[in-house]
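In: this is a predicted model, with the sequence first.
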Amino acid sequence: MGVLGWIFFGLVVGVVAKFLTPGRDPGGFFVTILIGIIGAMLGGFIGRGLGWYGEGDPVGFVMAVVGSIILLVLFRLASRRHA
């Protein structure tokens, strides 16, 4: 997947993660994309590392969202401590 593909995928995953994790977020549009991209990579790494699925399986989207939710919760906790 190219850079634009990862950005679009990260945006979609980040929006889904924010939708599934109610509450106020300290980040804006670009933070959503970054959390989505990094979460997708994290979720994919964990899922493939544990042997739950292979490269290109549709369940990878679910793991990407799970990874993004984890990062979003950690981001909220970290920003709450600094505020």
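Out: Nice, I can see it. Residues are numbered from 1 along each chain as shown.

In: secondary structure element holding residue 16?
Out: Per DSSP states H and E, residue 16 falls inside helix 3-20.

In: how about the helix or strand that comes right after that helix: buried residues?
Out: Next in sequence after helix 3-20, counting helices and strands by DSSP H and E, comes helix 29-49. Buried residues in helix 29-49, counted by 16 or more other Cβ atoms under 10 Å: 31-44, 47. Every C-beta, even on glycine, is put in place using the N, C-alpha and C of the backbone.

In: dump stretch 29-38 to PDB, restricted to CA.
Out: Output of stretch 29-38 as PDB, limited to C-alpha atoms (Å, rounded to 0.1, in the frame of the first residue of the first chain):
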ATOM      1  CA  PHE A  29      -7.700  15.700  12.500                       C
ATOM      2  CA  PHE A  30      -4.000  15.100  12.000                       C
ATOM      3  CA  VAL A  31      -3.700  13.300  15.400                       C
ATOM      4  CA  THR A  32      -6.600  11.100  14.400                       C
ATOM      5  CA  ILE A  33      -4.800  10.100  11.200                       C
ATOM      6  CA  LEU A  34      -1.500   9.500  13.100                       C
ATOM      7  CA  ILE A  35      -3.200   7.400  15.800                       C
ATOM      8  CA  GLY A  36      -5.000   5.500  13.000                       C
ATOM      9  CA  ILE A  37      -1.900   4.800  11.000                       C
ATOM     10  CA  ILE A  38       0.200   3.800  14.100                       C
END
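
In: got the contact list for that stretch?
Out: 6-7, 9-15, 17-18, 25, 27, 64, 67-68, 71-72, 75 (Cβ atoms under 8 Å, 6 or more residues apart in numbering).
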